[in-house]
Structure formats: C-alpha cells, structure tokens
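[1] Could you look at this predicted model? Sequence included:
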Amino acid sequence: MSATNTPALRPFLPTDTPVLAAIFAAAVEQLTGDDYSEAQQEAWAAIADDEEEFGKKLAGELTLIATLRNAPVGFASLKGKDHIDMLYVHPSAAGQGVASALCDALEKLAGGRGAKSLTVEASDNAEPFFKKRGYVAKQRNTVTINGEWLANTTMQKTLAEAAPGAPQ
Ligand SMILES: CC(C)(COP(=O)(O)OP(=O)(O)OC[C@H]1O[C@@H](n2cnc3c(N)ncnc32)[C@H](O)[C@@H]1OP(=O)(O)O)[C@@H](O)C(=O)NCCC(=O)NCCS
C-alpha cells in the first residue's frame, strides 16, 4: 500500500452530509448482502434518505470522516463516551484499512473521554472486523428498521488502562 492510500481523518462538517449519506447507502447495499436480505438492506439503506435527519444524527455525535486523496471514503461516530454508533466505508475503498483507522481514532477519543470500555451493535457482516480488534460478543439483538427485522450483536472491548501514575 502506498502512502497516498493511507486514510486521513478529519471532523464532520454539516456540508459533508450528502456524501456521507451516499457512502452509507452504498456500504449497506454492496457490503452486507451475505448476511441480510434485499428487503433488509433496502430498509437499512433508507435511513439516509432523509438527509436532514441523517445530518442531525451525524452532528449530534462525534463523527469522524476518513479521506483518501482528499475524497471522503468512510465515516464513524462515537455516541456519548463509550458507544460506536456508526461505521461505514464506501465499497470502492473497502479492505484498505479505512475502518481500522476510524476505529483506532474512536477508541482513543473514548479513552480520552474517560471510557473504560467501548460497545457497538455490530451488524453480522461487521462482527468479524470487531472480533479481530478485540471486541467480545455479549448479546444478540433484533431491531426493527423501516418495518424490517434485522439481527445484530452487542460487542464490547475493554480499553487499555492509563499507565500507572498517569494523570486521570
Ligand atoms: C465493516 C466495514 C466498516 C469494514 O470496513 P473496511 O475499511 O473494509 O475494514 P478494514 O479494511 O479496516 O479491515 C480491517 C480488517 O478487518 C477485516 N474485515 C473487514 N471487513 C470484514 C468482513 N466483512 N469479514 C471479515 N473480515 C473483515 C479485514 O480483512 C481486515 O483484516 P486484516 O487487518 O487482516 O487485513 C465495511 O465492510 C462496511 O462499511 N460494512 C457495511 C456497513 C456496516 O455493516 N457497518 C458496521 C455497522 S456496526
């Protein structure tokens, strides 16, 4: 991988909303088909149809954007101090470490906010990604999205303790 393929991170701005809505829909439509039916994918992707609401959700959380050559290719959001709410990567940039870079940053930010652990409701397709990062499955859930039932798994990772003697 060349240095130009290393994702850069920056905070979300309201003007990013349309491009993040497009990344969200493309990620759901193209990366989740092994685990969810077409009807489930459509219902899930439709969350971003109302861009105003979607933008409010992004702005209400700590949302980071990953860019490759200055173009947004993925995003992730931290809700409160200890919950990963969203993590989506455009299919054209999948498998290049974009989600890993976003997650590394959210884990550091959560630690900085005083979180001892971090939780996520991982989609079935994202579960192996989180497992690889040390998240442990705690509970299976079923949620309704736009009239469709979708399964996911609550996963939790214990964050590294601050070094002894370090300021809390
Ligand atoms: C899950 C997702 C965010 C991963 O994004 P990504 O940028 O491709 O992930 P990375 O390239 O950082 O992957 C890091 C590692 O996880 C592995 N991984 C990523 N997705 C995986 C999958 N679906 N199954 C198995 N392993 C996976 C990669 O192979 C890689 O392993 P490596 O370090 O040994 O090479 C992306 O597939 C996506 O947007 N999915 C659809 C939306 C979704 O479900 N989001 C999660 C909501 S909780």
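    Done, it's in.
[2] drop to CA atoms for contacts and neighbour counts, all remaining ones
    Noted.
[3] got the contact list for residue 153?
    120, 121, 122, 123, 124, 127, 137, 138, 139, 140, 141 (CA atoms under 8 Å, 6 or more residues apart in numbering).
[4] what's the distance between the closest residue to it other than its chain neighbours and the ligand?
    Leaving out its chain neighbours, the residue that sits closest to residue 153 by CA to CA, 6 or more residues apart in numbering is residue 140, at 4.5 Å. Distance of residue 140 to the ligand, given as CA to the nearest ligand atom, to the nearest Å: 13 Å.
[5] So residue 140 belongs to a strand, correct?
    Yes - counting by DSSP: H, G, I helix; E, B strand; the rest coil, residue 140 is found in a strand.
[6] Do I have it right that it meets residue 151?
    Yes - between residue 140 and residue 151 there is a contact under CA atoms under 8 Å: 7.1 Å.
[7] who's more crowded, the two?
    Ranked by neighbour count (other CA atoms under 10 Å), residue 140 and residue 151 place residue 151 first, with 16 against 12.
[8] Let me see the contact set for the residue at minimal distance from the centre of the chain.
    Taking CA atoms, centre = their mean, the centroid of the chain lies closest to residue 87, which sits 1.2 Å from it. By CA under 8 Å, 6+ apart, the contact set of residue 87 is 74, 75, 76, 77, 99, 102.
[9] try it again with 7 Å
    By CA atoms under 7 Å, 6 or more residues apart in numbering, residue 87 lies in contact with 75, 76, 77.
[10] who wins for neighbours among those?
    residue 75 (27 neighbours).
[11] tell me the phi and psi of the residue nearest to the centre of the chain?
    When quoted as degrees, to the nearest 10, the phi and psi of residue 87 stand at phi -150, psi 110.
[12] Okay, and the beta partners of it?
    residue 76 (DSSP bridges).
[13] Can you give me the distance of it to residue 40?
    18 Å (CA to CA, to the nearest Å).
[14] coming back round to it: so which of the contacts of residue 153 is the most crowded?
    Going by other CA under 10 Å, residue 122 tops those with 26 neighbours.
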